[in-house]
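Colleague: with the sequence up front, the predicted model follows.
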Amino acid sequence: MRERPPEEGSGMASTARRGPGSVVVTGAAVLSAFGEGVGPLLSAALDGRPAFAPVRRFAVPGGRTGWAATHPGAPVLADELTRAIGHACDQAGLSAARLADCPLHLAVHGDPALPRVPEGERRAHGADAFARSVARRGGLAEAARVYTSACVASSTAVADAAAAIARGRADRVVVAAGYLVDADQFAVFDAGRALARDGRVRPFSAGRSGLLLGDAVVAVVVESATAARERRARPLALLAGWGRAGDAHHVVRPRPDGDGLARAITDALHRAGLRPRRIGYVNAHGSGSAAGDAAECAALYRALGETAATVPVSSTKSVHGQALEAGALLELVVTMSALRAGRLPVNAGWLGPDPDCPLDLVLDRRADTAAEYGLSLTTAFGGANTALVVGTP
C-alpha cells in the first residue's frame, strides 16, 4: 500500500491527512436483493440489471406502486447484520482478540421489533440497545455507536470511523448498516408520493418519477494503513477523503443550487489532497426524483467546475434501490469494487436527456475504466449531505 502525498500546488499538504496516515478498507460483506456477497451485486450494477419486482414480503394496499428490490424470503435484520459483520471481519483476517477491542458503528432505522412491543418494554428495543446487541453477537466491543440519520446514516458512520482512525484514536472500526424493506416505511414513502409509478428508478433521466426501496445489509472493516500492514492484511480500497455539510433548506426538498452537497464534496477532496480532475467516477445519490437529481447535478458543477461535464456519473440505486440508512454504505462498497474491477456501473432506467441534468452518464454496459479515485455521494431529508472519496490501493 503506497502513501499518496497531496498534489503539488494544491495547498493541502498540511491538512489533508492527520495521525497515522491513510485509512483503508480491508473487509466487506453484503446482502442485497441480488443475494449474498459483493459479486452478484457488482455484476448487476456493471450490467445495469435492476432487481425491482412486485413486493411479496407483505401485503401492499392499492397505491402508486407495489415494487421494490427485495431479497427472497423473510430475512431477520439482527441475524443478517451478525452474518455480514462476521464475513467482513473474516475477509479482513481479524482474530477474536482484535475483534473484542474493535468498536461498532451501526446505521439502522432502529430495532424492527420496536413498533410492536408493549410500551414498558420499548427502552430495551431502542436503537442503542439494538446496536449493543449486534456488537455482542458479532464478538465486538460493546462500545457501539448507532446512527439513525436517514440516508446519510452509514456514510456519516464511515466518516466518523475514518476521522477517529486518521487522528490515531482507533486502529480499526467495523461499520455496519441494515435496512430491509418493511410495510411501515413502504407505506410512508407511498403516501408521500415518492415512489416511482412505473416500477423503475431513472436517475437524471427525462421521465423519472421517483425512488424505489431496496434491501441492504452491509459491513466493512475500516482501519489505518499502518495497522493493516502490520497484520499483512490486503486493503480492498483506500478511503482517501470524507466531507459533510448541511444546508437546512427544507425538511424534505433539496436546496436547488446544491450548495450543501457541493461543500461536502469540496471538503472530501480537500481532505484527500485531490483536485477535481483526479476523480474518475461519481456514484451519485441519484434517487430518481425530479428536484433531487437536478440539485445534485448543480452541486457537481458547483464543486467540480468544468470537470462535472466530463466525469462519468451513475446512480446504482437504479439497480438496487434506495436502502435508506444502509444505502450509502452499500454504494460505497459498489464504488470501490467497481474501481477494482476496472468497470463502471451503468445508470439504468435512462429514457433520454434532461436539460436540468447535463452529466456524462454511464450508459454503456462495457464502460471500462482506469480511474484511480471515485466519489460516492449521499443526501438526506433535512439538508444533510456527505461525500466519500475512495481510491484503489
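Modeller: That came through fine. None of the values given here were measured: they were computed from a predicted structure.
Colleague: can we go C-alpha only for contacts and neighbour counts from here?
Modeller: Will do.
Colleague: following element in sequence after the lowest-mean-pLDDT helix or strand in the chain, please.
Modeller: The weakest-scoring helix or strand in the chain, judged by mean pLDDT, DSSP states H and E, is helix 183-191 (a mean of 92). Going down the chain from helix 183-191, the next helix or strand is strand 216-224, by DSSP states H and E.
Colleague: buried residues in stretch 172-185?
Modeller: Within stretch 172-185, the residues scored as buried using 16 or more other CA atoms under 10 Å are 172-182.
Colleague: report the distance from the least confident helix or strand of the chain to the chain centre.
Modeller: Centroid separation for helix 183-191 versus its chain: 21 Å, with CA atoms, centre = their mean, to the nearest Å.
Colleague: still on that earlier bit, return the member of the buried residues of stretch 172-185 nearest to Ala228.
Modeller: Arg172 (9.0 Å; CA to CA).
Colleague: and the nearest residue to the closest one once chain neighbours are set aside, how many neighbours does it have?
Modeller: Leaving aside its chain neighbours, Arg172 sits nearest to Glu223 (3.9 Å; criterion: CA to CA, 6 or more residues apart in numbering). Glu223: 28 surrounding residues under other CA atoms under 10 Å.
Colleague: can you check Asp79 too?
Modeller: For Asp79, the count of nearby residues is 12 (other CA under 10 Å).
Colleague: so which strand or helix has it?
Modeller: Taking DSSP H and E as the definition, one finds Asp79 inside helix 77-92.
Colleague: with just CA atoms, put that helix into PDB.
Modeller: The C-alpha trace of helix 77-92 is given here as PDB (Å, rounded to 0.1, in the frame of the first residue of the first chain):
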ATOM      1  CA  LEU A  77     -32.200  -7.800  10.400                       C
ATOM      2  CA  ALA A  78     -30.200  -8.700  13.500                       C
ATOM      3  CA  ASP A  79     -29.300 -12.100  12.100                       C
ATOM      4  CA  GLU A  80     -28.200 -10.700   8.800                       C
ATOM      5  CA  LEU A  81     -26.100  -7.900  10.400                       C
ATOM      6  CA  THR A  82     -24.300 -10.500  12.500                       C
ATOM      7  CA  ARG A  83     -23.600 -12.600   9.500                       C
ATOM      8  CA  ALA A  84     -22.300  -9.700   7.400                       C
ATOM      9  CA  ILE A  85     -20.100  -8.500  10.300                       C
ATOM     10  CA  GLY A  86     -18.600 -12.000  10.500                       C
ATOM     11  CA  HIS A  87     -17.900 -12.200   6.800                       C
ATOM     12  CA  ALA A  88     -16.300  -8.800   6.600                       C
ATOM     13  CA  CYS A  89     -14.100  -9.500   9.600                       C
ATOM     14  CA  ASP A  90     -13.100 -12.900   8.300                       C
ATOM     15  CA  GLN A  91     -12.100 -11.300   5.000                       C
ATOM     16  CA  ALA A  92     -10.000  -8.700   6.900                       C
END
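Colleague: mind giving me the packing neighbours of that helix?
Modeller: Counting by 3 or more CA pairs under 8 Å, 6 or more residues apart in numbering; DSSP states H and E, the packing neighbours recorded for helix 77-92 are strand 23-32, helix 127-137, strand 172-179, strand 216-224.
Colleague: repeat that with 10 Å
Modeller: If you count contacts as 3 or more CA pairs under 10 Å, 6 or more residues apart in numbering; DSSP states H and E, helix 77-92 packs onto strand 23-32, helix 96-100, strand 104-108, helix 127-137, strand 172-179, strand 216-224.
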